[in-house]
Each structure stands twice: as C-alpha cells, then as structure tokens.
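>>> Give me coordinates for this.
(one chain, ligands or ions: 2)
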Amino acid sequence: MDYREIARRKTDELKTQGKVRVLALETSCDETAAAVVENGRHILSNVVFSQIDLHELYGGVVPEIASRAHMEACDRVVDQALREAGLTLAETDALAVTKGPGLVGALLTGVNCMKGLAFAAGKPLVGVNHIEGHVSANYLTHPDLEPPFLCLVVSGGHSHLVEVSDYGTYRLLGQTVDDAAGEAFDKAARALGLPYPGGPRIDALAEEGNPEAFTLPSPKTDGRYDYSFSGLKTAFMNTVHTLEQKGQTLPKADLAASFRRSVCRELISKARLLLGSGEWRVESGAMSGFALAGGVSANRELRRMAAEMCGELKIPLFMPELNLCTDNGAMIGSAAYYRLMNGEIAGLELNAMPALRLV
Ligand code: KG4
Ligand code: ZN
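Ligands and ions are numbered 1, 2, ... in the order given. So this is what the prediction gives:
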C-alpha cells in the first residue's frame, strides 16, 4: 500500500475514534513551534522556540537566518513537544504543518520536516493555513466556542474582518488596503528607536503615556469595513521627525500611547460598524460572538476596547489567551483537527504556499 492509501485509511478510522491527537509544527516566520493537541481543543504540549535574539540585531526577520534556524531547531522542538505530551511519534494520530502564508524558506523547512515524519510513521498529514491557525487559537482558550462568529484577525501580515461561517469556511468582510496593523506597530516602534519586534514594546510603553497627547488622522477607505494604516504611520513618522528636528527629547510614552490608541480605535470602529449593521447576523442570535486573533490581539488596549464594545453591544467576546495570540504550534494543531475530520489531508507533494490566502 502506498503512503496516500495508508493515510486515507487511517483518516477514515480517526473519524470514529474518541481521542485524536495531532502533532503540529509551525515555522512560517521567526518561531519554531511544535505542539500536541487533542480533539482540536485540548493542549497536551506547546513548545515555542523564538528566534527573536537572532533577528534583533537586524531590526527585523532575515529570511535566510530564519530558514537555517528552523532547520536546526525543528527536530529538537518536535521531540520536546512529544516528550512533554508524554507520547511517542507512533502514539500520535496525525501530523500537521503550516503550509502558508509566510516566508518561503521558513515554511519549506517545516513542510519537509513533517512530510518526512508522516511518511516514516505512516500518519496522515494536514497542511494548515497559518491565518486559520490564528482563528483556531480561540477554540483552545474557549472550549465551547462554535462557529459562526465574527473574527478580527490582526497579525504582522494581516488585518481582516472575517465571518467564520463554519469550521474551515470563511467570508471576508473587510481587510487592510495597505499595511497590516502589526506591521504599522513595528514600523512606528522603529521610528521611536525601539528594538524588534516593536508591537509588544509600543504596547508596554503606551501603558505609561497619554493617548490624547498627539492627534493623528483617522484613516479613510473606500470599503466600509476596510482598513488603512499607512497614512496613520506616515503622520506618526512626521510627528516624530518634526520633534527630532526641533531638537526635543521624544516623549516616547505619549507617542506610543497616541499611536496605539489611533490604531486600536480604527480596528474596533470598523468591527463596531459591522456588528451594528443589518449586514451581519447579530440580532438573529445566529452567531456566537466576536473574536480577536493574531499577534496584535495580545495588545492590551485592543483587548480593553473589544471588551468595552462587546459589553455595550451585549455580545460575547472571545480572545485567545496571551501566549496563544502570537505564533505557536497549538493553534495549527487545532485548525488541523477540523480539516482532518473533514478528510482534508495532504499528499507528499505538499509544498510551501508563501502567498496563501484565507479566503
Ligand atoms: O501573529 P503573529 O505572531 O505573526 C504573524 O502571523 O504575523 O503577529 C506578529 C505581529 C508583530 O507585528 C508584532 O509586533 C505584533 O504582532 N504584536 C503586537 C503585540 N504583540 C505582538 N502588536 C501590538 N501589541 C502587542 N502586544
Ligand atoms: Zn502569525
């Protein structure tokens, strides 16, 4: 029997099995992360090896360095995830790996690693969309959450408002027309001389500052629920440069707080517009609530504003716990479970898809 046939038969058997344990690997950017997740909801282990130290010197992720570091770390991180879950590779039921979007070399390292293991162990393999992984982080933190719900996905590369209609089914309602929210945070942080990655640093600094100290323009977009952060970022840079030209000491905390407020206000205002409109199924009670996902969902002000909005609109709010907001393997294991149960497995021809979209 060839690998494809073995994997298909095992996948069919899993559909009636009580406990399905997926070993997942994530290598799309600068984290080598592996996890074992049971039934898409329960984390048995979650190991994240961050490469931040390697890239900090360059002020951003250097793709070649990332690929090499993933190559060196993959086996170790996978072994650790299995050890912490108390399982051998043979005792897992399926394997999963991020297939895209992300850095091509980084993705390829993970895809090749898991293809090798899947073939050697005769296990089904699921190729996972990284963005779907971020959305699925909510299933790990909120075991009762079921689609449909509205999700604001905000990461280093994405700012999307999506309806999660069902597991694996999405409807795009709004997206950024230029920079992603995380990218804007990182660029603003760089202007303030903060080290990479800037988002969490701006967030921490902003806690000490006055968010009304500087007025930044409200972005304008043609699409009702679309985002734009490039104008905001340029206005922020101009403010910083003007202060520098005047020889003034930068009030970094106030600048960080003002920028964070503007970005979060923009993110939440479009979500509020959508939730309040007849275009979405809020009143009918057909949706579970509003969810945040992606690295930027760790942002303290965004979480506060989301809580305030959902409180006012009287709809449930779902947010991944902080360590599941940024890249991790558990979210990939959760997303993979639902694809696996749907029989969506990959063959050994699985390749990296750097520009893969969610919808
Ligand atoms: O989801 P993620 O880990 O990777 C991608 O898929 O892109 O997101 C990383 C992004 C970075 O831009 C990082 O600066 C941002 O999320 N980020 C934050 C915070 N934590 C991470 N941005 C603002 N506030 C935070 N607390
Ligand atoms: Zn991510």
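>>> ok, L350 - how many residues close by?
18 (other Cβ atoms under 10 Å). All C-beta spots, glycine's among them, are computed from the backbone N, C-alpha and C.
>>> Secondary structure element for it, which one?
Counting by DSSP states H and E, no helix or strand carries L350.
>>> That one contacts L125, correct?
Yes - L350 is within contact range of L125, at 6.8 Å (criterion: Cβ atoms under 8 Å).
>>> anything in contact with each of the two?
V97, K115 (Cβ atoms under 8 Å, 6 or more residues apart in numbering).
>>> List the contacts of A335.
By Cβ under 8 Å, 6+ apart, the neighbours of A335 are G40, A96, V128, N129, E132, G133, V135, S136.
>>> Is the fourth one bridged to anything, and to what?
Beta-bridge partners of N129, counted by DSSP bridges, are G100.
>>> what's the pLDDT at it?
Reported pLDDT at N129 in the predicted model: 98.
>>> Please list the residues of the stretch 251-359 of the chain that sit near ligand 2.
D327 (Cβ under 5 Å from the ion).
>>> Quick check: the residue in the stretch 251-359 of the chain that ligand 1 sits nearest to vs A188, distance?
Here the stretch 251-359 of the chain gets closest to ligand 1 at one residue, G295, 2.1 Å apart by Cβ to the nearest ligand atom. Counting by Cβ to Cβ, to the nearest Å, the separation of G295 from A188 is 15 Å.
>>> if I look at G231, how far off is D179?
For G231, the distance to D179 - Cβ to Cβ - is 10 Å.
>>> Looking at these two, which one has more neighbours?
Taking other Cβ under 10 Å, G231 and D179 do not tie; D179 has more neighbours (20 against 16).
>>> Help me confirm that the more buried one comes into contact with F229.
Yes - with contact defined as Cβ under 8 Å, D179 reaches F229; the gap is 4.4 Å.
>>> Quick one, grab the pLDDT at S288.
pLDDT at S288 comes out at 88.
>>> Excluding sequence neighbours, find me the nearest residue to it.
The shortest distance from S288 to any non-neighbouring residue, by Cβ to Cβ, 6 or more residues apart in numbering, is to F149 (4.3 Å).
>>> Surely that neighbour touches A286?
No - judged on Cβ under 8 Å, F149 makes no contact with A286 at a distance of 10.1 Å.
>>> Please say which of those two ends up with more neighbours.
F149 (21 against 9).
>>> got the contact list for that one?
F149 touches E163, V164, M287, S288, G289, F290, A291, F318, counting by Cβ under 8 Å, 6+ apart.
>>> May I ask which of the residues you listed has the most neighbours?
Result: A291 is most packed of these (other Cβ under 10 Å), 28 neighbours.
>>> pull the CA atoms of the strand or helix carrying that residue into PDB?
Applying DSSP H and E as the criterion places A291 in strand 290-293. This file holds the C-alpha atoms of strand 290-293, laid out as PDB (Å, rounded to 0.1, in the frame of the first residue of the first chain):
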ATOM      1  CA  PHE A 290     -16.900  38.500  18.300                       C
ATOM      2  CA  ALA A 291     -13.400  37.100  18.400                       C
ATOM      3  CA  LEU A 292      -9.900  38.500  18.200                       C
ATOM      4  CA  ALA A 293      -7.000  36.600  16.700                       C
END
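>>> any idea which helix or strand comes after that strand?
Strand 290-293 is succeeded, C-terminally, by helix 300-313 (DSSP H and E).
>>> Quick check: the nearest residue to A7 once chain neighbours are set aside vs R41, distance?
Leaving aside its chain neighbours, A7 sits nearest to P124 (4.3 Å; criterion: Cβ to Cβ, 6+ apart). For P124, the distance to R41 (Cβ to Cβ) stands at 19 Å.
>>> sorry, back to before: can I get the contacts of A335 in JSON lines including neighbour count and distance to G198?
Shown next, in JSON lines, are these (neighbours: other Cβ atoms under 10 Å; distance: Cβ to Cβ, whole Å):
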{"residue": "G40", "neighbour count": "21", "distance to G198": "32"}
{"residue": "A96", "neighbour count": "32", "distance to G198": "30"}
{"residue": "V128", "neighbour count": "29", "distance to G198": "27"}
{"residue": "N129", "neighbour count": "23", "distance to G198": "26"}
{"residue": "E132", "neighbour count": "25", "distance to G198": "26"}
{"residue": "G133", "neighbour count": "27", "distance to G198": "23"}
{"residue": "V135", "neighbour count": "27", "distance to G198": "24"}
{"residue": "S136", "neighbour count": "30", "distance to G198": "26"}
